[in-house]
Each structure stands twice: as C-alpha cells, then as structure tokens.
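Q: Below is the structure, and that's it, no one-letter string:
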C-alpha cells in the first residue's frame, strides 16, 4: 500500500498483534454510517481488512452504547468512524487493500447524560475521555495494529467516565428547521483527525454537547441551503469551564490556479488537477486549459493534496504554492478563496525494486528516496510503504543523485524533514539517475 505523504506514523505491530489482538476472518462490512450500530453484511473478505471489538465501562463492566470509535492512519489518510451498538460492539470494515496500519481511539458519554441534560450537577457533565488503543490516554502512547488483506484484528476498549464540561454551539447561516451535521474533532496520533462527537443540530436552537474533556477541538458544521452545500468551522480550547462557540455557515471557497511544466512547453492533452481530501472522502477533478489555468468553483474547507495527471500517467509535482507562499508540505489548507500555482515534471525517471531478508520479502517497511543534497522542498523526499511482496516504486523523478534508505521501525518519522533524514544518508544506497532513466534495485537486509 503506497503511503505518499510527508509524515508517516506507523510502527511495527508484530508483537502488538500477538499480545493485544487475535486474527480471524470476518465476512462483514458496514452499512451506511447513519445505521452503523450493529449493522453488517456478508461480503468477500478480499475487499479489504476489518477491525472489530467492544467498548465497556471500566467502572461497571457494562457495554457502552453509541461510543464513537475512530481508526486513524496519519494526518493525510482517511479517518474512519464507527458507533458501537447496544452490546458495545463496533466494526470498522473495508478499510483498504494491501497491508494497512491503524491507530484506534474511542470516546463517548454515559447513557444517563442525555436524560440529565437539563439538570445541574456533575452527573449531567460526565463523559468518557478519549482513549487510544490499548487503553491509554495519550496519543503518543498509542500502539499501532497492522493488518493484511482479508484479516480482522479484534481490539477492545475500557473507558472511564469522569466529570467534564459542556460545549454549546450556535450555528448561523442555516435554514431554520433544517438539520446540520456537527463534528467535534481533535488532533490524534501525529496530527491525524480524531472524532470526539458527531451530532445533529437543529438551528436556530443551540446544540449542547456534554462531557467534553479539556483540550483543543475543531467544530465543523455542514448543511444544505437550497441546492448549495455550506459549511463552517471554529477552533475552541476547552478547560474546566463550560464553553460557548459560534459557527457561521458559508458557501465553499473557489480555488483557481495555474500549472507549469518544468520539462515540457505545452500542457498534455487531457491534463487534469485533482484536489484530494481523504479525511472527508473528497476527490474533485477539473481540466487544465492549454494555458495551464484551472478552477474549482466550490471546494469544502479542509486539507487537500493537489494531484496532476492525464489518462495515461500521473505528473509529479516539484512545488506547490498557495496564495503566493511555497507550501511546506504537499497538503494545503483551503479555508477561503485560494490561488494555487503548481510546478510539474512530465518526463521523469523511475526507481523501483524490492526489500527482502534471507530471501523473504519485507512488507510494511519505509523505503525512502532522499536527495543527496538537502532540499527545502518536501516534495523532493519520497516515501513508500513496501507492499506484501516487499516491492516499492518511485516515479516522476528528476535527474540527480539520491540515497535509498529502508527503515523497519519508523513510527512518527518525518521523512521530508532534512534533519531527520541526515543521520541515514551515509548508510543508505547511493543512486544516480539520468534524465528519464529507470533503475531497479533489490535490497537485502541483514
């Protein structure tokens, strides 16, 4: 499974799987998220891998209903939520193909909080603080689970209820009587998005969310006004006192820009720009005109990865500029009308190969292709999580000198950070690539 991002936060889970999880085949997948709790449907297991488990109250041993469980990979990959059913069970199904590595988190509130919503006292403000697998409170202590195609890992949570505070949100710009989806999220493992709550609001009435523990959160509201999608967000810091916040809905931003090609004088036929937001499952394409211009009329606010391609191939980006400032990573944050300037490479070279040990493929390792001379552009550093056969591939490479590095233990490793890569440059495999050249390299680990 390719991980084409700047911060890959996956750690080896061989011992973890043996100690904390049991592997079994499950022929189940989720129905629509609105009917998530307790829903499953027979499917072929080769369509992906699955994580299931239960969430219970550590103080009573009773199952927790409607707890929100999130599977996180890294900050640029999908964050998949699920709700527990009446038995406290959850299922995260169809997570992907190939080898996948996930961190889990669970949160929620006791059943009695809803009944005591209008009452005073600590019971009406109780909440289950977000807990990461295997039952730790700090994101940095979370342990990753690694899955192979067709497998399921079973991971169980025990949550402890504790007094918290109430978050009251007023939503402006929505049509009265029309529901608005409200997400409360926070930063999880290595900057990934982690859900605290997902609730329905009914403006103009404010929505009260009890049992929120101290921390910094992002509130996002989404709705329809006529035929238009509108949304808004607000960042809040919560301490030991109740907090009020206001979110104003507005039409999505317009994103326009221009594409330049480093090694071609004309834009290829059928060229397109895609803005990819994996967290919200948004993949929007627009054609590139012959003068390199493009425009997206309405993009929901969020973090996006610009992609460039044609029907035949992807075009590697050398740099991304947002509103006149060079992006520090390949992801850009769109919140208001924005202008993108992209520099691409059409006729690049390629480096591919395999990683093995004693003749057996090494899967799930980080293959890193770094420039020999340090670069300020994060797009010059390429990372690839080796597939089940140990293979890796880098395409769209400019001519130059590189170092190929393989790391098996690479939790929280920022491979586009020159300072982080520097210690490995002398022990890596030197690669010299001519213009348009392809090389295949087989690495045998000791």
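A: Right, received. Where do you want to start? Quick caveat, the model's predicted, so the values are computed rather than measured.
Q: Show me where the stretch 101-250 of the chain dips below the pLDDT cut-off.
A: For the stretch 101-250 of the chain, applying pLDDT under 70 flags the ranges 113-122, 149, 190-191, 225-227.
Q: And the strands in it, which stretches?
A: 126-132, 145-147, 152-154, 157-159, 161-163, 165-172, 180-187, 193-201, 207-212, 215-225, 228-238, 243-248 (DSSP state E, counting those that start in this stretch).
Q: Quick one, which of those gets closest to residue 372.
A: Among the strands of the stretch 101-250 of the chain, strand 145-147 comes nearest to residue 372, with 31.6 Å by CB to CB. (Each C-beta comes from the backbone N, C-alpha and C, glycine too.)
Q: Any idea how many residues pack against residue 324?
A: 7 (other CB atoms under 10 Å).
Q: ok, residue 84 - contacts?
A: Listed by CB atoms under 8 Å, 6 or more residues apart in numbering, the contact set of residue 84 reads 37, 54, 55, 63, 64, 65, 66, 67, 69, 90, 108.
Q: Could you dump these into CSV and include distance to residue 396 and secondary structure?
A: Compiled in CSV, these are given as follows (distance: CB to CB, whole Å; DSSP: H, G, I helix; E, B strand; the rest coil):
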residue, distance to residue 396, secondary structure
37, 44, coil
54, 45, strand
55, 44, strand
63, 50, strand
64, 47, coil
65, 49, coil
66, 46, coil
67, 43, coil
69, 37, strand
90, 40, strand
108, 44, strand
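Q: Save these as JSON lines, and put in neighbour count and distance to residue 292 too.
A: What follows is the contacts of residue 84, written out as JSON lines (neighbours: other CB atoms under 10 Å; distance: CB to CB, whole Å):
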{"residue": "37", "neighbour count": "19", "distance to residue 292": "49"}
{"residue": "54", "neighbour count": "19", "distance to residue 292": "54"}
{"residue": "55", "neighbour count": "27", "distance to residue 292": "51"}
{"residue": "63", "neighbour count": "16", "distance to residue 292": "57"}
{"residue": "64", "neighbour count": "25", "distance to residue 292": "53"}
{"residue": "65", "neighbour count": "18", "distance to residue 292": "54"}
{"residue": "66", "neighbour count": "16", "distance to residue 292": "50"}
{"residue": "67", "neighbour count": "25", "distance to residue 292": "49"}
{"residue": "69", "neighbour count": "27", "distance to residue 292": "44"}
{"residue": "90", "neighbour count": "29", "distance to residue 292": "47"}
{"residue": "108", "neighbour count": "27", "distance to residue 292": "49"}
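Q: Can you tell me which of the residues you listed is closest to residue 165?
A: Proximity of those to residue 165 (CB to CB) peaks at residue 108, which lies at 15.6 Å.
Q: Was I right to think the closest one contacts residue 129?
A: No. In this structure, residue 108 is not within contact of residue 129 by CB atoms under 8 Å, at 9.8 Å.
Q: shared neighbours of these two, anything?
A: With CB under 8 Å, 6+ apart as the test, residue 108 and residue 129 both reach residue 159.
Q: quick one, what contacts the nearest residue to residue 424 once chain neighbours are set aside?
A: Excluding the flanking residues, the one nearest residue 424 by CB to CB, 6 or more residues apart in numbering is residue 405, at 4.7 Å. When contacts are counted by CB under 8 Å, 6+ apart, residue 405 is found next to 366, 367, 368, 369, 370, 421, 424, 425, 427, 428, 429.
Q: Now flag whichever of these is closest to residue 125.
A: Nearest member of the contacts of residue 405 to residue 125, counting by CB to CB, is residue 366, at 43.4 Å.
Q: tell me which residues form a beta bridge with the closest one?
A: residue 385, residue 407 (DSSP bridges).
Q: Now render the strands of the stretch 101-250 of the chain as TSV, adding mean neighbour count and distance to residue 440.
A: TSV is the format used below for those (neighbours: other CB atoms under 10 Å; distance: least, CB to CB, whole Å):
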stretch	mean neighbour count	distance to residue 440
strand 126-132	22	40
strand 145-147	22	27
strand 152-154	22	34
strand 157-159	22	45
strand 161-163	16	56
strand 165-172	19	55
strand 180-187	19	39
strand 193-201	19	37
strand 207-212	21	53
strand 215-225	18	44
strand 228-238	16	46
strand 243-248	16	52
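Q: Would you tell me which of these gets closest to residue 301?
A: Comparing those against residue 301 with CB to CB, the closest turns out to be strand 228-238 (6.2 Å).
Q: List of residues touching that closest one?
A: So strand 228-238 is contacted by 165, 167, 171, 173-174, 212-224, 243, 245-252, 298, 300-301, 335 (CB under 8 Å, 6+ apart).
Q: from the chain's centre, how far out does stretch 154-168 sit?
A: Centroid separation between stretch 154-168 and its chain, computed with CA atoms, centre = their mean, to the nearest Å, is 22 Å.
Q: Next: stretch 403-422.
A: On the basis of CA atoms, centre = their mean, stretch 403-422 sits 20 Å off its chain's mean C-alpha point.
Q: gap between the two ends of it?
A: Across its full length, stretch 403-422 reaches 11 Å between end residues, using CA to CA, to the nearest Å.
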